Every structure is written in C-alpha cells, then in structure tokens.
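Provided below are the primary sequence and the corresponding predicted coordinates.
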Amino acid sequence: MSAGPNGAPGATAGALRHVLGHLVTPLLMCVGMGLAYLGAFHAPEPHDLRVDVVGSGVSAHVLAQTLQDRGDGALSVRTVADRDTAVNHLRTQRSYGAYLPGKTPRLLVATASSDTSATVVQKVFTEVAAGQGAPLEVVDVAPTADGDPTGQGLFFLLVAVSIGSYASVAVIGGAGAVLALRLRAALALGASLVVSVIGAVFAGPLFGLVDHGLGGLWAMAWLYSAAILLIGVGLHTFLKRWTTLGVMVLFVMLNFTSSGGVFRPELQPGFFGALHAFWNGAGFLEGVRGHVYFGGHGLGGHVLVLAFWFVAGLAAMGAAGLAEARRRREAAGRGREAEVPLPGAGPASKGAGGAPGVSGASRASKGEGAEEEMEEAVGV
C-alpha cells in the first residue's frame, strides 16, 4: 500500500517550505501597506497651507502676520485686496481658504479641492472669529456634486479603477503568459477600456459623483488604466511571480497615498507630497477635479502626467518584446545543440516515463508556470 499524506517526512518538509515561500508575498504586502498608509495618513499636519486674509488696511496685514508667526510653518498667509481676488485664488487652487474680517466674519473655502484642507482652515479661522467675539460664517465657492458630499467619492473611484487594472495584470500576465506579446497588449488595452467604462458608469449614472464632464472623466480613466495594464504586463516578463507585488507598490502603496484623495500634499509628509507632483493617481484625481469643478484649470499638466505613464507602459511592453525575442533565440539555439548526436551515442533518450519528446525541462517549465499562477492568485 502507498504511504498516506503524512507517511513521507521529506515530502511534508518540502510542502511546508513551499507554503512558507508563498507566504513571503502577503507578508511583504502587509509591511508595505502599513508603511505606506500609516506613513502617509496617521498624523496629518498642515505645512505651508495657503490661505488669504481679505483687506488692504493695517488690521488685515497685522492679522495675516500674526497667523503666519503663530502657525510656525503650518500656514502660508497672504493678504489680498478684495473678495473677487480671493475667490479667484480658491477657484484656481492657489489657496484653500480666504478670511473676510468684519462684524460678521466670513470664511470662503472650496471643498471640491479638498474637504480635509477646508476643515483644517475652518478650524483655524473659527478660533480667530471667536477671539473677535463673533460666529464664523462659512461660504463654499466650489462645492462638490450632490452625489459626492464629502469629496471622497472620486478617490474611491480611483481605488476601484486601480484594482480592476492591476488585478487584470495578474490574469493577463499569469494565465495569458503563453500568448504572443501583441495579443497580451491587445488584451491589456481592451481590459482598460472595460475598466474605464465601468468607472464612468460608477461616476455618472450609478452614484452621481459628477454632474457634468463625464466624457472627460472616462478618457482620463482609460488613459490611467491603460498605463497600469501596459506597465504591469510589460513588467511581468521580468518579474514573473513578483509582478503583482510590484504593481501593488507602484499603483496602490505609493499611488493612493500620494493621490491627494484623502489629504492634499500640504497635510502630508514631504515624500508623499513630492510624489503627488508626478504620480499617475494624482494626475487622474487632480485632472478630474480640475475638469469638473475648476473650469479646466491645470488640466493640461495633469493629462500630461497620465500621458507620461502611458508612454512608460509602451516602453515596458517594448522592453518585454525585446527580452522575449532574445529568450526565444537562445532557446532555439539550445534546441539545435540538443539535436546534434554525440559520437557513438544511441537514439535520443525518451523522457521520463518512456514518453518520447516530453523532457524534464518541459515539465519543469509547466511547473514553474503553475507556481507563477499560484503566486499571482495570492497577490490578487
């Protein structure tokens, strides 16, 4: 009789090492997510948060200087001559609050730019108004759509589109690894189209995150998703089983935390604030905000960021194509060498089990493919 599952200590030890090896990926994800999310979000503090004090008299200048000194770098306070200038600064995202002193003090904010930044500014000037013995009236000059009252809806849309994109990388890279690269590229572009349409349905008719500009949102969602898929499928040629971890680092850990969806760079550590300037999630989120809420202000720069990542995806696919072509040439060369019989050698040996043409290397290759698909599944 054959031994049971526990009858071969060597086999059990090998299986245990196998499982422990696969546990490396989720543990690295745990460490990476903790470092990224807690590092970016656990203690938000303003630094150089731009606010305006409206007025040209001595009292306005004194108030601005007092706030600047008291903030110790938290605020960047300036005075503007009138309300129209302050509103223009808010609608072009050059400031995040404007205080109008007087018998009935008012604070102008633009929650569409960042609800959390507006909350921080409101807290500061509520104390200022209380010191003057008057309640503060808050006026939102750039509110969000009715379907996104907190302004967080677009961030969660970014999360949904990102997950659909990088999970598709695992499928195309793992299960589709046997396909020609051009077919994988076509699948990547097709998947990005489907993901972007789903995102547009979420943003428009399903949840009403935006009340206009849906076409532009879809176009940016497609460009964003296509870049993730092309980069991921291209990297799969080189990273293999580590691809899912790699795209999670790029498009989850560093991406969501630097996008400005929860806190703008002025409330985050400098590292994530620096990434905000050129990372693709920030390009998508700020591009949609500029397109929908701020009359297209800054839209060209954000689309340029998305285009840069798309070009990076094309470059990754090109590099993958060159690498795979080189591997095929090398494999063909080894195959020709194996076909040349040695002097005095008999007929070519059969594969294991007597099956001709089925070599141990072929079975090893299949085994590696199965291992890779398992690791991709673990990652997703």
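Cool, the structure landed. What you see is a predicted model; the values in this text were computed from it and never measured. Residues are numbered from 1 along each chain as shown.

in the helix or strand hosting residue 13, what's buried?
According to DSSP states H and E, residue 13 maps onto helix 9-41. Neighbour-count burial for helix 9-41, counted by 16 or more other C-beta atoms under 10 Å, picks out 25, 29, 32-33, 36, 40-41. Yep, even glycine has a C-beta here, placed from its N, CA and C like the rest.

output those residues as TSV; include the columns pLDDT and distance to residue 259.
Below are these laid out as TSV (pLDDT from 0 to 100; distance: C-beta to C-beta, whole Å):
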residue	pLDDT	distance to residue 259
25	87	24
29	92	19
32	94	17
33	94	15
36	95	12
40	94	10
41	93	12
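
okay, residue 177: pLDDT?
Residue 177 carries a pLDDT value of 82.

how near is it to residue 214?
Note on residue 177: its distance to residue 214, by C-beta to C-beta, to the nearest Å, is 36 Å.

on that earlier part again, is it possible to get TSV of the buried residues of helix 9-41 that adds distance to residue 166?
TSV is the format used below for the buried residues of helix 9-41 (distance: C-beta to C-beta, whole Å):
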residue	distance to residue 166
25	14
29	12
32	14
33	14
36	15
40	19
41	21
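
identify the farthest-apart pair in those.
Using C-beta to C-beta, the two most remote members of the buried residues of helix 9-41 are 25 and 41, lying 23.7 Å apart.

before we move on, back to that, so which elements touch the helix holding residue 13?
With contacts taken as 3 or more C-beta pairs under 8 Å, 6 or more residues apart in numbering; DSSP states H and E, helix 9-41 sits against helix 243-248, helix 255-258, helix 270-275, helix 360-379.

what comes into contact with the shortest one?
Defining contact as C-beta atoms under 8 Å, 6 or more residues apart in numbering, one finds that helix 255-258 is touched by 36-37, 39-41, 155, 158-159, 162, 265, 268, 272-273, 275-276, 279-282.

show the buried residues in these.
In the contacts of helix 255-258, the ones that pass as buried (16+ other C-beta under 10 Å) are 36, 40-41, 155, 158-159, 162, 265, 268, 272-273, 275-276, 279-282.

so where is the stretch 201-350 of the chain shaky, pLDDT-wise?
339-350 (pLDDT under 70).

how about the helices in it?
214-239, 243-248, 255-258, 270-275, 280-293, 299-339 (DSSP state H, counting those that start in this stretch).

just put these in a markdown table and tack on distance to residue 148.
As requested, the helices of the stretch 201-350 of the chain are exported to a markdown table (distance: least, C-beta to C-beta, whole Å):
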| stretch | distance to residue 148 |
| --- | --- |
| helix 214-239 | 12 |
| helix 243-248 | 26 |
| helix 255-258 | 17 |
| helix 270-275 | 23 |
| helix 280-293 | 10 |
| helix 299-339 | 19 |
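
sorry, back to before: send the alpha carbons of the next helix or strand after the helix holding residue 13 over as CSV?
With elements assigned by DSSP H and E, the helix or strand that comes after helix 9-41 is strand 49-54. Listed in CSV are the C-alpha atoms of strand 49-54, where the atom choice follows Å, rounded to 0.1, in the frame of the first residue of the first chain:
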residue,chain,number,x,y,z
LEU,A,49,-1.1,75.6,3.6
ARG,A,50,-2.0,78.7,1.6
VAL,A,51,-4.8,81.0,3.0
ASP,A,52,-5.8,84.6,2.3
VAL,A,53,-6.9,87.4,4.5
VAL,A,54,-9.0,89.9,2.6
